[in-house]
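Engineer: Turn this into a model:
(2 chains)
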Amino acid sequence: QQQVKQSPQSLIVQKGGISIINCAYENTAFDYFPWYQQFPGKGPALLIAIRPDVSEKKEGRFTISFNKSAKQFSLHIMDSQPGDSATYFCAASYNDYKLSFGAGTTVTVRA
Amino acid sequence: NAGVTQTPKFRILKIGQSMTLQCTQDMNHNYMYWYRQDPGMGLKLIYYSVGAGITDKGEVPNGYNVSRSTTEDFPLRLELAAPSQTSVYFCASTLGGSGRYNEQFFGPGTRLTVL
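Structural biologist: Predicted structure coming up:
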């Protein structure tokens, strides 16, 4: 049973557009929500992470929005670039260092 | 630092064979993990370790075994390989520590096919 539900499974966006990936969780004990980026043939790498005491975190063109009451969080990629084409995983943890991952979203940025 | 290294990169096994996937980290991390990645399924935790001599099961441990005799190494053993174990396997590590949120660093993966 997937503890973190992620959507969409894939998306295509034009260069310069906005990519939005959504995740939902049920376990209210989760207190750490990272996003990982994975390029083909590589291992995932941490992109950005948020804790539930803030509603938004921005790092460059990447923003996490967090809605604690709805138990949802999302990743926004602004001004999407071809180099952003990758698979993105949301995840959640409750401080024992075990991450529960979403199923992943493959983002394709068309030039 | 090399980070997290995994060997081999690719392997084809016959049903019933055994093998060990190697994982080494040089960051002096306490926590180490093994995941498998299947298309459309995300990453599933197989086993993890919080320090040398301590291991515990994750979500999908059946058919696998691990050991952690040193801080650096965390091998994953497959006994009696089955087609259902065809997957990409990732090892990861993190520093750990009470009250801290730690980035997991992943290796490049091992692509295993069981025929």
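Engineer: Which residue does chain B have closest to chain A?
Structural biologist: For chain B and chain A, the shortest gap (C-beta to the nearest C-beta) falls at B:Phe106, measuring 3.2 Å. Heads up, the C-betas are built off the backbone N, CA and C, glycines and all.
Engineer: from memory that residue sits against B:Thr5, does it?
Structural biologist: No - at 11.0 Å, B:Phe106 does not count as touching B:Thr5 under the criterion of C-beta atoms under 8 Å.
Engineer: These two: who's more crowded?
Structural biologist: Just comparing B:Phe106 and B:Thr5: by other C-beta atoms under 10 Å in any protein chain shown the higher neighbour count belongs to B:Phe106, 23 against 14.
Engineer: who are the neighbours in contact with that one?
Structural biologist: With contacts defined as C-beta atoms under 8 Å, 6 or more residues apart in numbering or on different chains, the neighbours of B:Phe106 are A:Gly43, A:Pro44, A:Ala45, B:Val4, B:Phe90, B:Cys91, B:Ala92.
Engineer: And it, what's its pLDDT?
Structural biologist: The score at B:Phe106 is 97. That number is its pLDDT.
Engineer: A:Asn95 too?
Structural biologist: We have a pLDDT of 69 for A:Asn95.
Engineer: What of the one 4 residues further on?
Structural biologist: Note on A:Leu99: pLDDT of 91.
Engineer: And whichever residue of chain A sits closest to chain B, which helix or strand is it part of?
Structural biologist: Closest residue of chain A to chain B, C-beta to the nearest C-beta: A:Gly43 (3.2 Å). Using DSSP states H and E, A:Gly43 falls within no helix or strand.
Engineer: and the residue nearest to it when sequence neighbours are not counted, backbone torsions?
Structural biologist: Once flanking residues are discounted, A:Gly43 sits nearest to B:Phe106: 3.2 Å by C-beta to C-beta, 6 or more residues apart in numbering or on different chains. Main-chain dihedrals, B:Phe106, degrees, to the nearest 10: phi -100, psi 150.
Engineer: Looking at the contacts of B:Phe106, spot the one nearest B:Thr20.
Structural biologist: Using C-beta to C-beta, B:Cys91 comes nearest to B:Thr20 of those, at 12.1 Å.
Engineer: my guess is A:Gly104 meets A:Ser7, correct?
Structural biologist: No - using C-beta under 8 Å, A:Gly104 makes no contact with A:Ser7, being 10.5 Å away.
Engineer: quick one: which of these two has more around it?
Structural biologist: Neighbour totals were compared for A:Gly104 and A:Ser7, and A:Gly104 leads with 23 against 15 (other C-beta under 10 Å).
Engineer: Brilliant, that's me finished.
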